[in-house]
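Visitor: A predicted structure for the sequence below; I have some questions about it.
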2 protein chains.
Amino acid sequence: MTTQGRKTAAPRKRRTYHHGDLRQALVDATLALIAKEDVGAVSLREVARRAGVTAAAPYHHFRDKNALLAAVAEEGYRALNQRMEEALARTRAPDLAGRVRALGRCYVSFAVEHPAHYRVMFREEWGDEEKYAAVHEEGMRAFQRLLELTAEASAASGGKVDMETLAFNIWAWVHGLASLWNEGPLRKKTGSDSISPLLERSLDLLVMLIVGS
Amino acid sequence: MTTQGRKTAAPRKRRTYHHGDLRQALVDATLALIAKEDVGAVSLREVARRAGVTAAAPYHHFRDKNALLAAVAEEGYRALNQRMEEALARTRAPDLAGRVRALGRCYVSFAVEHPAHYRVMFREEWGDEEKYAAVHEEGMRAFQRLLELTAEASAASGGKVDMETLAFNIWAWVHGLASLWNEGPLRKKTGSDSISPLLERSLDLLVMLIVGS
DNA sequence: AGCAAATGTGAACAGTATTCAGATAAGGCC
DNA sequence: GGCCTTATCTGAATACTGTTCACATTTGCT
């Protein structure tokens, strides 16, 4: 890759031959790398280096580089799910609109506060459900939470719009918002360094659509 | 990367020492590669090989690998712009809703029909406006087209929603739809192999929001 | 204590981006 | 035509990468 003066230093000396919790250390190091550069800039060797271990060691914990990235994605989904759960529990306006707001706000906030995690969560790689079953399961759980809301909305509208279509579109909406913010275009065009103002106005529109359908 | 038996054959013999139009040949080869695998699977050497040239030759046409990808992105934006222009011209229901439909349909169709191009267009890399000015300019042109529509919509609503917020949200919406389709989740959850049905229902919702705002 | 399984090391292989000096062709100028 | 500057391409070199392998070291179980 870039021929910058990457510190090729040997891994830090460990006192013990065995690391202790290499698996998590690798996941953490990976996350740190993605955050600093890009998911494409992650090299297994650099990850191993940061964990204080040689390049071959990770293969005792992950089938290959993709499996390591999948573990990061899985961790991301788990964190998102937990956050969504908390957000729903904490909502003091538990009517439909209030919960839609809470969920949407929570989703976008997560993506914007953890762009590294978020980017890894959406990769074509995880399309193979058998190979990456864990990623799929956590992802499904999040979507399910959304479906519960749109089922209500759909029923309230007398079934004019079916719940799946509604769920797909809300998902696309917030995903697009988060992605375009993280990838740059929106952040650049708004000039702001916080997505909050735009997010709140967007939630207004979103609620408008839901109750008006 | 993968240790599959990649054909490491030497570049095809050319009659002429100079290629003729290496630059475009490289862009085309890159596109073909992205389409077959992923943007991460593009190697400059393989691109050069397919163009029948050695690994160092591309450096006379592009500063580095990123510059080559940027050229692909730029070409993508140009194609999208042209398509949007045609779509607007061809619309036989030129009222606001009709044009929003046309533009949205055209945007998502492009992204779904050219996932390779589309994926390259949205990379954080191009954030540096000075380095990748051409990419930015073409991207801006597309957004401008959208702003014209939302300006009308905003005015029609008596300014209840400002045109930029509206533009951002419509963009996020269609971008999310296209991305989630291309990355897999939506394609998988709908079970369909065409986005058309979902797209049309989504456009219904989109129009509902616009005229109802 | 002893042994099998889990976890680490080093060296190897094939592939990658990028640079550089030198070879070859094209195009303008006399 | 001849000549020379510039653009383009080659080959070899450097420093990376993912992955595999035989082997070393611990740990946990009996």
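Guide: The structure has been received and is ready for your questions.

Visitor: Give me the number of neighbouring residues for residue A:155.
Guide: Summarising burial for residue A:155: neighbours were counted as other CB atoms under 10 Å in any protein chain shown, giving 11. Glycine gets a C-beta too; all of them are placed from N, C-alpha and C.

Visitor: now swap in residue A:16 and tell me
Guide: Counted with other CB under 10 Å, residue A:16 comes out at 6.

Visitor: for residue A:173, same thing?
Guide: Other residues within reach of residue A:173 by the criterion other CB under 10 Å amount to 29.

Visitor: how much space between the closest residue to it other than its chain neighbours and residue B:167?
Guide: Leaving aside its sequence neighbours, residue A:173 sits nearest to residue B:173 (CB to CB, 6 or more residues apart in numbering or on different chains; 5.0 Å). In this structure, residue B:173 and residue B:167 are 11 Å apart, going by CB to CB, to the nearest Å.

Visitor: about what we covered before: doesn't residue A:176 make contact with the residue nearest to residue A:173?
Guide: Yes - applying CB atoms under 8 Å, one finds residue B:173 in contact with residue A:176, separated by 5.8 Å.

Visitor: what does stretch A:107-123 contact?
Guide: Contacting residues not belonging to stretch A:107-123 are listed as A:31, A:34-35, A:39, A:69, A:72-73, A:75-77, A:79-80, A:83-84, A:135, A:139, A:174-175, A:177-179, A:181-182, A:195, A:199, B:179-180, B:183, B:185 [CB atoms under 8 Å, 6 or more residues apart in numbering or on different chains].

Visitor: How much space separates residue A:115 from DNA strand D?
Guide: As judged by CB to the nearest atom of the strand, to the nearest Å, residue A:115 and DNA strand D stand 20 Å apart.

Visitor: which residues of chain A score low on pLDDT?
Guide: Flagging of chain A using pLDDT under 70 yields the residue ranges A:1-15, A:17, A:213.

Visitor: Of all the residues in it, which one is nearest chain B?
Guide: When distances are taken as CB to the nearest CB, chain A reaches nearest to chain B at residue A:176, 2.9 Å away.

Visitor: By residue count, what's the longest helix in chain A?
Guide: helix A:65-90 (DSSP state H).

Visitor: hmm, it in reach of chain B?
Guide: No - under the criterion of CB under 8 Å from any CB of the partner chain, chain B is not reached by helix A:65-90; the shortest gap measures 9.5 Å.

Visitor: still on that earlier bit, among the contacts of stretch A:107-123, the buried ones, what's the ChimeraX command?
Guide: The buried subset of the contacts of stretch A:107-123, as determined by 16 or more other CB atoms under 10 Å in any protein chain shown, is captured in ChimeraX by this line:
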select /A:31,34,39,69,72,73,75,76,77,80,83,84,135,139,174,175,177,178,179,181,182,195,199 /B:179,180,183,185
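
Visitor: how close does the spatially most central residue of chain A get to residue B:161?
Guide: The residue lying closest to the centre of chain A (CA atoms, centre = their mean) is residue A:118, at 2.8 Å. In this view, residue A:118 and residue B:161 are 27 Å apart by CB to CB.
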